[in-house]
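K.L.:
Need the 3D shape of this:
(one chain, ligands or ions: 2)
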Amino acid sequence: MAKHTGTWISVQKRWPFVILAVLSISTAFVFIRASFDSCNNTKQVEDTDSHVTITSSVPIHPNPLQFMKSKLVLLVSHELSLSGGPLLLMELAFLLRNVGSKVVWITNQKPAETDEVIYSLEHKMLDRGVEVLAAKSQEAIDTALKADLVVINTAVAGKWLDAVLKENVPRVLPKVLWWIHEMRGHYFKVEYVKHLPFVAGAMIDSHVTAEYWKSRTYERLGIAMPKTYVVHLGNSKELMEVAESSVAKRVLREHVRESLGVRNEDIVFAIINSVSRGKGQDLFLRSFYESLQLVRERKLQVPPMHAVVVGSDMSAQTKFETELRSFVKDKKIEDVVHFVNKTLTVAPYLASIDVLVQNSQARGECFGRITIEAMAFQLPVLGTAAGGTTEIVVNGTTGWLHPVGKEGVMPLAENMVKLATHVEKRLTMGRKGYNRVKEVFLEDHMSQRIALVLKDILQKAASHSHS
Ligand SMILES: *[C@@H]1O[C@H](CO)[C@@H](O)[C@H](O)[C@H]1NC(C)=O
Ligand SMILES: *[C@@H]1O[C@H](CO)[C@@H](O)[C@H](O)[C@H]1NC(C)=O
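P.N.:
Ligands and ions are numbered 1, 2, ... in the order given. This is a model prediction of the structure:
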């Protein structure tokens, strides 16, 4: 008992910070997701604690990226915003800074007027010792020529090569690692990717996406992919810290449920993605509606069911947003469907819901980071059998997969009913998902995977410059 009390007190002292951090303005979350070198105070908590695991930022084993110390790395970002691609590149910047690499960042496409988000993100980088240069400056060109490694992030950033490096392109290509996160057809444009066959390597977030790029570039453009490395992403230490703190989770859960008008015993299914047809919120709501019908027809005993759509942007006034709202109104399910505005602060929602639905359509997600984030919170995932989701969710173990498109509406509805009726199954799947995250989807795992790639690329680049 004494131990329990000790744990409670030490964590209780800490949770206000965690919660404050998680609930603060959206840009703050970037720094939560992307910060790697803060939180030394967690050490203290760990010493007295044996039940609530709080990850220390002090590395226990040697950092796999250590060999990058004092290497000069140029990171080329297509744009700078609070979206997946740039944030991931920023994470890489900080991982490299942590081992003492010299990191230079350029943003190829910037609006002419000053932008608050860009300003704040750039300052975050400057604070961490990342040098930020203008994309078209002579300094950027010089850095590209001198660098040990150049990382181009996303397919569209390829435009920078010809536009800025011009005749220097061939000298830089042998040390370029091209990190690709897209899988939509319009990225397969020659003007973006024509140099792809000549770079040292490509890094892609999932096997399915890598396969798709391979066949698509060949069929559509007649070009061959360079050596391609698949690197699954990992959860940040900060996210894991919240996910593993039962106190933080409880407080967040109470807070969010109260704000949505959902009771503690109700079961909540959520989809967390920017609202668009490709992410499948319409089909999710149809499945949810069907699941309510199934429960009624079969006279099942289940707690009240709710659906939450996180990622709305009504100010965008899209036809799709309007369509979602009219569906909810027509079916008279306004009381149990909740729309939440777009946010990067996903942890409070993950702490409050019972099941994550990943309903991305067509070829699915390239990776789908929200999936591993949800698993960290011990949530089962009901996902489409497409894209990166199939490499994360173990069907029948950490969740269930359903087909994309209209065909998937009833299977998803059935899976929702199954999880609503079988509490034990839901909890077991959540726990297994969490175990899977601990085995392969942590930041440390991602660092290890990236380290192998960078080692390979540096070797290649070195042998090229000697030959
Ligand atoms: C959500 O966004 C809409 C439109 O942009 C806005 O009117 C509303 O106040 C926002 N809601 C919250 C809770 O921020
Ligand atoms: C997932 O597993 C269920 C049974 O647990 C099965 O009916 C379904 O076809 C599987 N889906 C995929 C994509 O493997």
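
K.L.:
where does the stretch 351-467 of the chain dip in pLDDT?
P.N.:
In the predicted model of the stretch 351-467 of the chain, residues 467 satisfy pLDDT under 70.

K.L.:
can you give me the strands for it?
P.N.:
355-358, 381-384, 399-402 (DSSP state E, counting those that start in this stretch).

K.L.:
CA-only coordinates of the last one, as CSV, when you get a sec.
P.N.:
Spelled out, that is strand 399-402. Extracted as CSV, the C-alpha positions of strand 399-402 are listed here (Å, rounded to 0.1, in the frame of the first residue of the first chain):
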residue,chain,number,x,y,z
GLY,A,399,-8.3,-4.4,-33.6
TRP,A,400,-10.2,-5.4,-36.7
LEU,A,401,-9.8,-4.5,-40.4
HIS,A,402,-12.7,-3.7,-42.6
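
K.L.:
That one packs against which elements?
P.N.:
Applying 3 or more CB pairs under 8 Å, 6 or more residues apart in numbering; DSSP states H and E, one finds that strand 399-402 makes contact with strand 381-384, helix 409-421. For every residue, glycine as well, the C-beta is placed using N, CA and C.

K.L.:
Now render those as CSV, adding mean neighbour count.
P.N.:
Listed next are the helices and strands packed on strand 399-402 as CSV, based on neighbours: other CB atoms under 10 Å:
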stretch, mean neighbour count
strand 381-384, 28
helix 409-421, 21
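
K.L.:
what's around the residue in the stretch 1-150 of the chain that ligand 2 sits nearest to, how many residues?
P.N.:
At 24.6 Å from ligand 2, residue 84 is the closest residue in the stretch 1-150 of the chain, using CB to the nearest ligand atom. A count of nearby residues for residue 84, using other CB atoms under 10 Å, gives 20.

K.L.:
before we move on, what about residue 304?
P.N.:
Using other CB under 10 Å, residue 304 has 14 neighbouring residues.

K.L.:
can you pull the pLDDT of the closest residue to it other than its chain neighbours?
P.N.:
In space, and not counting its chain neighbours, residue 304 is closest to residue 266: 4.6 Å by CB to CB, 6 or more residues apart in numbering. Residue 266 is assigned a pLDDT of 98 by the prediction.

K.L.:
The residue of the stretch 1-150 of the chain closest to ligand 2 and residue 182 touch, don't they?
P.N.:
No - look at residue 84 against residue 182 with CB atoms under 8 Å: they stay out of range, at 10.1 Å.

K.L.:
Beta-bridge partners for residue 106, please?
P.N.:
Taking DSSP bridges as the rule, residue 106 bridges to residue 76, residue 133.

K.L.:
dump the residue contacts of it.
P.N.:
By CB atoms under 8 Å, 6 or more residues apart in numbering, the contact set of residue 106 is 74-77, 132-135, 140, 160.

K.L.:
In CSV: those, plus distance to residue 417 and pLDDT.
P.N.:
As requested, these are exported to CSV (distance: CB to CB, whole Å; pLDDT from 0 to 100):
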residue, distance to residue 417, pLDDT
74, 52, 98
75, 46, 98
76, 48, 98
77, 44, 97
132, 51, 97
133, 55, 97
134, 55, 96
135, 52, 96
140, 56, 97
160, 50, 95
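
K.L.:
Give me the residue ranges of the stretch 151-300 of the chain where confidence is low.
P.N.:
In the predicted model, the stretch 151-300 of the chain carries pLDDT under 70 at residues 185.

K.L.:
burial count for the residue of it found nearest ligand 2?
P.N.:
Nearest to ligand 2 in the stretch 151-300 of the chain, going by CB to the nearest ligand atom, is residue 208, at a distance of 12.7 Å. Using other CB under 10 Å, residue 208 has 22 neighbouring residues.

K.L.:
how about the helices and strands packed on strand 399-402, which one is nearest residue 338?
P.N.:
helix 409-421 (15.8 Å; CB to CB).
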